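>>> predicted model, plus sequence, below.
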Amino acid sequence: MVVNEEKRNKFMEFAGKRVNNVMHDIQILEPMARSSAYDFTKEDVEEMFNAMQETLNDAKAEFNKRFEEKAKSEKKVFSFGTSKPVSDVSEENIEV
């Protein structure tokens, strides 16, 4: 895959800043776990982290689509001996 260096540099700059912001926001949750000012259940924590994980998974899937689309767009080439035989097709049923 050919990468446009100018666009990649822009991506690196903005993605780096955004990832650092996300990491900071996650890190500021940690003191809440140790504070006596808050009360929460295990279910509350699971719900919170499941929501974050789902959002993270969705974002990653969006990025991965770019690579999947490239794979789908590659042309398929036929070659004898590489296709799977079809068991229900016999020579008598094939019209030429």
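Yep, it's here. It should be emphasised that the depicted structure is a prediction, and the values quoted were computed from it without experimental measurement.
>>> residue nearest the centroid of the chain?
By CA atoms, centre = their mean, the chain has its centre lying nearest to Ala61, at 2.5 Å.
>>> pull the distance from the helix or strand where that one lies to the chain's centre.
Using DSSP states H and E, Ala61 maps to helix 42-73. Mean-position distance between helix 42-73 and its chain equals 5 Å (CA atoms, centre = their mean, to the nearest Å).
>>> run through who's touching stretch 2-22.
Stretch 2-22 is contacted by no other residue when judged by CB atoms under 8 Å, 6 or more residues apart in numbering. For every residue, glycine as well, the C-beta is placed using N, CA and C.
>>> ok so, going back, and the gap between the residue nearest to the centre of the chain and Ala37?
36 Å (CB to CB, to the nearest Å).
>>> check Ala51 too.
Using CB to CB, Ala51 is found at 22 Å from Ala37.
>>> neighbour count: those two, which is higher?
Ala51 (10 against 6; other CB atoms under 10 Å).
>>> distance of that one relative to Glu68?
In terms of CB to CB, Ala51 sits 25 Å off from Glu68.
>>> swap in Lys7?
20 Å.
>>> same thing with Val19?
In terms of CB to CB, Val19 sits 22 Å off from Glu68.
>>> point out where this protein drops to low pLDDT.
Segments of the chain classed as low confidence (criterion: pLDDT under 70) are 73-75, 83-96.
>>> returning to what we had before: what are the buried residues along the helix holding Ala61?
Of all the residues in helix 42-73, not one is buried under the rule 16 or more other CB atoms under 10 Å.
>>> same question, stretch 7-25
Per 16+ other CB under 10 Å, stretch 7-25 contains no buried residues.
>>> 11 is where my numbering starts, stick with that
Sure, I'll start numbering at 11, so the last one becomes stretch 17-35.
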